[in-house]
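Q: need the 3D shape of this:
(chains A and B)
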Protein chains: 2
Amino acid sequence: MRNRYVNQLKDLNVQLLKMGAMVQNIIETAVQGLAKQDLEMARKVYELDDAIDELELEIEQECMCLFALQQPIARDLRVIGTILKIITDLERMGDYAVNIAKVTLDIGDERLIKPLIDIPKMAMLTEDMVKKSLDAFMKEDIELAEEVAYDDEAVDQLYENIYMELINMMIEKPETIQQATHLLFVGRYLERIADHATNIGERIIYMATGKRVKIN
Amino acid sequence: MRNRYVNQLKDLNVQLLKMGAMVQNIIETAVQGLAKQDLEMARKVYELDDAIDELELEIEQECMCLFALQQPIARDLRVIGTILKIITDLERMGDYAVNIAKVTLDIGDERLIKPLIDIPKMAMLTEDMVKKSLDAFMKEDIELAEEVAYDDEAVDQLYENIYMELINMMIEKPETIQQATHLLFVGRYLERIADHATNIGERIIYMATGKRVKIN
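A: This is a model prediction of the structure:
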């Protein structure tokens, strides 16, 4: 019984890592789609998001099965509870990637008001945070989970830069207002994705220590 | 055993309704704080959010206890799984209210660029959606859950109006850009809160029918 349980939990971890990889990929696709104004890539994001939603549901059902069929002990309960929270955060990240793709489709082939530099940087950082937070979960590594919070500060700083830059651009060139607003939102979406990665970090610390922390 | 379980589930429902009421209150406080430029109210929002976070954790732990101590049958599992999802959505709404309060504090006593009309309307609608979605959960009322989705369309429409109005204002009066951007984000936060209420509606339909729907 216990052995079967441990195996099911291992499967669950594999699924979770897969979901994490899909989320990294959707962020990358969404931001590259925007930077290259590649509408095909933007449309691809919608498909990727559907697949993420499906996988979330699958993992959730497996968690429920584990609850129902086995009688998980206290620690396992915390682990499964954490997985349930992590997949919700991952799923939301997918939604934000879709929001970014929407912006790409809205902008269409209208020329970008500036080459995108900080936004792809933010994307890289957030992708890395997603990876790191899942590694921290697998290894139950508190330090790594805390590192995610430090990365979040770097993302916030980049967002701050983007915000100031775009506001100034709007003031100087009112013709950029519409697109600058779009890009401002993209910055915000990435900042939110990073927040969700930080949530995951916090949950891992909670799982490992029983302590509730707010690291962002 | 079963009786005790039913009682615990009832307690859980009471807690959930309480959390819903707190979320309605935090949205109201955040938006009124902004409309009246009442910085005290804005600061109050942070406290309310802490209380919501606490309650979320409590409810979550009670769900875990139910999983561990009892052996919930299939239907109960779905109900508890739904509660776990609902509280995540409610907790996020609290975060968005805090974002609105941040805007209020940022604007400070700088004069509002326009009297707020649509934003309080959006707030009222979203508060109502929160209430309705929890009613739908309690009564397991699919029609009511679907109604939440219709309300979401009205919220989206209001957001659309706000968006166009503020973009035009920025173009005509560049000196409003900074504040208009803030207000644009507030509109977006409310729109997201409404999305979370719609998520709750979708979960209830899933709980009741086993069918996964995307109503927004």
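
Q: what does chain A have sitting close to chain B?
A: Proximity of chain A to chain B (Cβ under 8 Å from any Cβ of the partner chain) is limited to residues A:57, A:60, A:64, A:67-68, A:71-74, A:77-78, A:81, A:84-85, A:88, A:167, A:170-171, A:174, A:177-178, A:181, A:184-185, A:188, A:212. To be clear about C-beta, it is placed using only N, CA and C from the backbone, and glycine gets the same treatment.

Q: so which of those residues belong to strands?
A: Residues of these located in strands (DSSP state E): none.

Q: tell me which element the most centrally placed residue in chain A falls in.
A: The C-alpha lying nearest the average C-alpha coordinate of chain A belongs to A:M93 (Cα atoms, centre = their mean; 3.8 Å). Taking DSSP states H and E as the criterion, the element that holds A:M93 is helix A:74-107.

Q: tilt between the following helix or strand past that helix and helix A:74-107?
A: Remark: after helix A:74-107, the chain's next helix or strand is helix A:118-139, criterion DSSP H and E. With axes from the mean of the first three to the mean of the last three Cα atoms, to 10 degrees applied, the angle from helix A:118-139 to helix A:74-107 works out at 160 degrees.

Q: about what we covered before: my guess is the residue nearest to the centre of chain A meets A:Q24, correct?
A: No - A:M93 is beyond contact range of A:Q24, at 9.2 Å (criterion: Cβ atoms under 8 Å).

Q: need the residues touching each of these two.
A: Applying Cβ atoms under 8 Å, 6 or more residues apart in numbering or on different chains, one finds that A:M93 and A:Q24 are jointly contacted by A:V130.

Q: could you list the low-pLDDT ranges of chain A?
A: A:1, A:215-216 (pLDDT under 70).

Q: do that again at 80, thanks
A: A:1-5, A:67-75, A:211-216 (pLDDT under 80).

Q: so how far is chain B from A:N13?
A: Distance of A:N13 to chain B, given as Cβ to the nearest Cβ, to the nearest Å: 19 Å.

Q: residues near that residue, how many?
A: Applying other Cβ atoms under 10 Å in any protein chain shown, we find 15 residues neighbouring A:N13.

Q: check which helix or strand it maps to.
A: Assigned by DSSP H and E, A:N13 falls in helix A:2-35.

Q: what comes up buried for that helix?
A: A:5, A:8-9, A:12, A:15-16, A:19-20, A:22-35 (16 or more other Cβ atoms under 10 Å in any protein chain shown).

Q: now do the SS call for the residue nearest to A:T82 when sequence neighbours are not counted.
A: Sequence neighbours aside, A:M207 is the residue nearest to A:T82 in space, at 4.5 Å (criterion: Cβ to Cβ, 6 or more residues apart in numbering or on different chains). Three-state call for A:M207 (DSSP: H, G, I helix; E, B strand; the rest coil): helix.

Q: how many residues are close by A:M207?
A: Counted by other Cβ under 10 Å, the residues lying close to A:M207 total 21.

Q: ditto for A:E110
A: A:E110 has 11 neighbours, counted by other Cβ under 10 Å.

Q: what's the closest non-adjacent residue to it?
A: Spatial nearest neighbour of A:E110, chain neighbours left out: A:Q179 (6.9 Å); criterion: Cβ to Cβ, 6+ apart.

Q: where's the one you found relative to B:M138, distance?
A: Distance, A:Q179 to B:M138, by Cβ to Cβ, to the nearest Å: 45 Å.

Q: who has more neighbours out of those two?
A: Between A:Q179 and B:M138, counting by other Cβ under 10 Å, A:Q179 is the more crowded of the two (20 against 13).

Q: go ahead and confirm A:K121 touches A:V155.
A: No - between A:K121 and A:V155 there is no contact under Cβ under 8 Å: 9.1 Å.

Q: higher neighbour count, the two?
A: A:V155 (26 against 17).

Q: how about that one, nearest residue that isn't a chain neighbour?
A: A:A194 (4.0 Å).

Q: tell me what the helix or strand where that neighbour lies is packed against?
A: Under the criterion of DSSP H and E, A:A194 resides in helix A:177-209. If contacts are counted by 3 or more Cβ pairs under 8 Å, 6 or more residues apart in numbering or on different chains; DSSP states H and E, helix A:177-209 sits against helix A:2-35, helix A:74-107, helix A:118-139, helix A:142-172, helix B:142-172, helix B:177-209.

Q: for that helix, buried residues please.
A: So, applying 16+ other Cβ under 10 Å, buried residues of helix A:177-209: A:177-208.

Q: repeat for stretch A:128-146
A: Neighbour-count burial for stretch A:128-146 [16+ other Cβ under 10 Å]: A:128-137, A:142, A:144-146.
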